[in-house]
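J.: Please find the sequence and the predicted model below.
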Amino acid sequence: MARTPTRPERSLDDQLAHWRQSLTPLPPAVALPPDRRGPLADATSGVVRTKLPTATARSLVALAREHDATLFMALLAGYVATLHRTRA
């Protein structure tokens, strides 16, 4: 016996219309203050390379371990906190 869906399937156009309506209005864009370009910026790939002092790097690793996190997670948390603080 064929199972009848309790809710009819929507067409792609119906789904797009639903999400456009649900996501309107979009939140305002975050206006970040302009910054100068670092001296070691790689213009071809958008990567900015910098060196941390050894003591700072060790402290970050220790902080991450203390919170059962990776170094990437600790750096990402710092980045997000910086973005949050610059948001008007």
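T.: Looks like it came in fine.
J.: Skipping adjacent residues, who's closest to residue 86 in space?
T.: Spatial nearest neighbour of residue 86, excluding adjacent residues (CB to CB, 6 or more residues apart in numbering): residue 32 at 5.8 Å. To be clear about C-beta, it is placed using only N, CA and C from the backbone, and glycine gets the same treatment.
J.: Does the one you found touch residue 84 like I think?
T.: No: the pair residue 32 and residue 84 does not pass the contact test of CB atoms under 8 Å, sitting 11.4 Å apart.
J.: Secondary structure class of residue 52, three-state.
T.: Using DSSP: H, G, I helix; E, B strand; the rest coil, the structure places residue 52 in coil.
J.: Burial check on it, number of neighbours?
T.: By the measure other CB atoms under 10 Å, the count of residues near residue 52 is 11.
J.: Which strand or helix spans residue 83?
T.: Using DSSP states H and E, residue 83 sits in helix 71-86.
J.: Could I get the contacting residues of the residue nearest in space to the middle of the chain?
T.: In the chain, the centroid-proximal residue (CA atoms, centre = their mean) is residue 80; its distance is 7.5 Å. Residue 80 sits next to no residue when contact means CB atoms under 8 Å, 6 or more residues apart in numbering.
J.: pretty sure residue 28 belongs to a strand, no?
T.: No: checked against three-state DSSP, residue 28 lies outside a strand; its state is coil.
J.: pLDDT averaged over the helix holding residue 83, what's the number?
T.: Mean per-residue pLDDT for helix 71-86: 91.
J.: Cheers, nothing more for now.
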